[in-house]
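>>> Predicted model follows, preceded by the sequence.
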Amino acid sequence: MSDCLFCKIAAGEIPSTCLYEDENVFAFRDINPQAPVHFLVIPKTHIGSVAELNAENSAVVSKCFEVIAKVAEQEGLTGGYRVISNCGADAGQTVHHLHFHVLGGAKMGEKIL
Ligand code: AMP
Ligand code: ZN
């Protein structure tokens, strides 16, 4: 998608702090961290949100989760971490390219989940 911020980040057209990259998945630090460690994991292919997943495109989600586990270990999140994907307006999704927030490095509050 030509006008998508995260497509551009995955393509290297907009700079980011990359933590991991392969042919399908890109992981980078969130620009506005909400925890001591806060990174995003995205498929390189454009999928708008969880709501757009289907039998044809969902295999990349398991690849994203493999990267989540790998980068979390790389980042030293031995105490655990939280994985969040905001989907749609009510959830406050601001970038309409599927992404998984990974938050850790501190004890999480219990308010959201
Ligand atoms: P969401 O609100 O779930 O759509 O999350 C979008 C996330 O993208 C927010 O946490 C932003 O801080 C983050 N973000 C926006 N622009 C950038 C950027 N250029 N580099 C890294 N993270 C970004
Ligand atoms: Zn995109």
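Cool, the structure landed. Ligands and ions are numbered 1, 2, ... in the order given.

>>> For the rest of this, base every contact and every neighbour count on C-alpha atoms.
Fine.

>>> is whichever strand in the chain runs longest anywhere near ligand 2?
Under DSSP state E, the strand in the chain containing the largest number of residues is strand 37-43. No: using Cα under 5 Å from the ion, strand 37-43 never reaches ligand 2; the gap is at least 8.6 Å.

>>> And for that strand, what's in contact with it?
Residues lying outside strand 37-43 but in contact with it, judged by Cα atoms under 8 Å, 6 or more residues apart in numbering, are 6, 24-30, 33, 60-61, 64, 67-68, 75, 97-105.

>>> Adjacent strands (with direction) for that strand?
For strand 37-43, sheet partners with direction are given as strand 25-29 (antiparallel), strand 100-104 (antiparallel), following DSSP bridges.

>>> residue ranges of the helices in this protein, please?
In chain order, the chain shows helices spanning 5-10, 59-74, with DSSP state H as the criterion.

>>> would TSV of those helices with mean neighbour count be doable?
As requested, the helices of the chain are arranged in TSV below (neighbours: other Cα atoms under 10 Å):
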stretch	mean neighbour count
helix 5-10	20
helix 59-74	16
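
>>> Would you mind saying which of the ones you listed lies nearest D90?
helix 5-10 (20.6 Å; Cα to Cα).

>>> so what's the nearest residue to A51 once chain neighbours are set aside up against?
Computed as Cα to Cα, 6 or more residues apart in numbering, the closest residue to A51 that is not its neighbour in sequence is C87, at 6.9 Å. With contact taken as Cα under 8 Å, 6+ apart, C87 is in contact with 49-51, 93.

>>> between those residues, which is nearest P15?
Proximity of the contacts of C87 to P15 (Cα to Cα) peaks at Q93, which lies at 21.3 Å.
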